[in-house]
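*Asks:* sequence unknown, structure follows:
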């Protein structure tokens, strides 16, 4: 009888932990990286995942004198494609979320592709080239 109780005491935790491992759902896929890069001449570029989409936004905080326009770009670095948005003026503030295709809300969507690497940049124009440019961190998309 004693050995039977000992077997139950040893086997119960093993069986319980095995059942819990089976019941726990698989981890969700999540994009990695992304975010904002370094501030360059008062500008910051950012890229992130928002559900099935890749979104980019940009911040201007004290662009240098002479800045006339902003050239915003979102890249699918894996495919070598990009989406550009040109804005006149260099006012301080938050610009975005900029993505690719207009939808009914007037917002835009840039559907992410699993495993693709995305980035963004903002160029401050109105100077002689090369234009001051800020870059985001890289995002590897997964949904």
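*Replies:* Perfect, I can see it now. Just so we're clear, the structure is a prediction, and the values are computed from it rather than from any experiment.

*Asks:* where's the residue nearest the centre of the chain relative to residue 32, distance?
*Replies:* Nearest to the mean C-alpha position of the chain, counting by Cα atoms, centre = their mean, stands residue 48 at 1.6 Å. Computed as Cβ to Cβ, to the nearest Å, the residue 48 to residue 32 distance reads 11 Å. Just so you know, the C-beta spots here come from the backbone N, C-alpha and C atoms, and that holds for glycine as well.

*Asks:* if I look at those two, which residues touch both of them?
*Replies:* When contacts are counted by Cβ atoms under 8 Å, 6 or more residues apart in numbering, residue 48 and residue 32 are jointly contacted by residue 139.

*Asks:* what does the pLDDT read for the nearest residue to the residue nearest to the centre of the chain once chain neighbours are set aside?
*Replies:* Leaving aside its chain neighbours, residue 48 sits nearest to residue 34 (4.6 Å; criterion: Cβ to Cβ, 6 or more residues apart in numbering). Predicted confidence (pLDDT) for residue 34: 89.

*Asks:* next: the one 10 residues further on.
*Replies:* At residue 44 the predicted local confidence, pLDDT, stands at 93.

*Asks:* so what pairs up with the closest residue to it other than its chain neighbours in the strands?
*Replies:* Spatially, and ignoring its direct neighbours in sequence, residue 44 is nearest to residue 59 (4.3 Å; Cβ to Cβ, 6+ apart). For residue 59, the beta-bridge partners under DSSP bridges are residue 44, residue 94.
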